[in-house]
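> Sequence unavailable; structure follows:
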């Protein structure tokens with residue numbers, strides 16, 4: 001408002017009054033007192049407005065530094081990745097693979113032991129050949145009256161041709177889109193060489209998204225309260 005007032009006053013002076021270069025007020029406020037007697041009000045308002053503008057401009061710099069220091073851009077601008085979701089899940093150290101020649105009972109026992117719902121199947125050379133989930137067990141073993149002790153994993157697993165995977169640096173948004181498009185709840189994490197690095201579930205993505213929003217809200221709240229910014233406090 002003060003900056004706008006300076007501009008308005010400078011363009012609405014009476015035509016019969018001496019012309020005054022307002023730039024001198026912004027450079028040297030002391031010079032305001034050399035103005036003609038009829039411009040006394042203007043000479044008092046302009047330096048005040050100039051000081052206000054200068055103060056607000058200087059406040060922008062520490063605010064910008066605060067945003068950078070608190071990692072605001074990383075929280076809001078950069079996408080949270082599938083690797084982040086895997087780390088947050090608490091299951092990043094689990095071996096999510098099982099031999100395709102193992103029996104289904106072995107997969108079920110592993111589901112129960114690690115409280116997980118999906119495993120990637122591998123062949124003798126360690127290549128990924130498919131994926132088996134609790135849903136496969138229910139629909140292809142329990143409902144059909146088959147026994148898990150007599151059925152091999154590869155007989156009910158989803159084959160690699162239909163296997164949907166993500167890389168650790170893929171954004172969470174992409175992971176969600178893949179899950180929705182393929183109607184699945186788990187995504188294996190593989191590196192560029194096709195090696196299994198972990199597994200993420202829809203629950204992991206939801207948890208990661210909530211954490212991201214909480215961090216964003218905290219940074220914005222701290223910024224609004226001046227924490228770490230103008231006042232230099234945490």
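Okay, I see it. Keep in mind it's a predicted model, so treat the numbers as computed, not measured.
> Phi and psi next, for residue 145.
Dihedral pair for residue 145: phi 70, psi 20, per degrees, to the nearest 10.
> pLDDT score for it?
For residue 145, the pLDDT comes out at 89.
> Equivalent analysis for residue 114, please.
Taken from the predicted model, the pLDDT recorded for residue 114 is 94.
> nearest residue to it other than its sequence neighbours?
With C-beta to C-beta, 6 or more residues apart in numbering as the criterion, residue 114 has its nearest non-adjacent residue at 5.3 Å, and that residue is residue 94. Just so you know, the C-beta spots here come from the backbone N, C-alpha and C atoms, and that holds for glycine as well.
> just checking, residue 204 is part of a helix?
Yes: with DSSP: H, G, I helix; E, B strand; the rest coil as the criterion, residue 204 is located in a helix.
> ok, it touching residue 83?
No: using C-beta atoms under 8 Å, residue 204 is not in contact with residue 83, being 11.0 Å away.
> Just want to know which of the two has more residues nearby.
Neighbours of residue 204 and residue 83, each counted by other C-beta atoms under 10 Å, are more numerous for residue 204; the result is 24 against 19.
> which residues touch the more buried one?
By C-beta atoms under 8 Å, 6 or more residues apart in numbering, residue 204 lies in contact with 85, 86, 88, 89, 91.
> Among those residues, which one lies nearest to residue 174?
residue 85 (11.4 Å; C-beta to C-beta).
> The helix-or-strand element of the chain with minimal mean pLDDT: what's the following helix or strand?
Scoring the helices and strands of the chain by mean pLDDT, DSSP states H and E places helix 72 at the bottom, with a mean of 39. Under the assignment DSSP states H and E, the closest C-terminal helix or strand after helix 72 is helix 82-89.
> doesn't residue 101 make contact with residue 121?
No: here residue 121 does not reach residue 101: they are 9.1 Å apart, not a contact under C-beta under 8 Å.
> which residues of this protein fall in helices?
2-11, 23-27, 40-69, 72, 82-89, 104-114, 134-137, 153-156, 172-182, 202-225 (DSSP state H).
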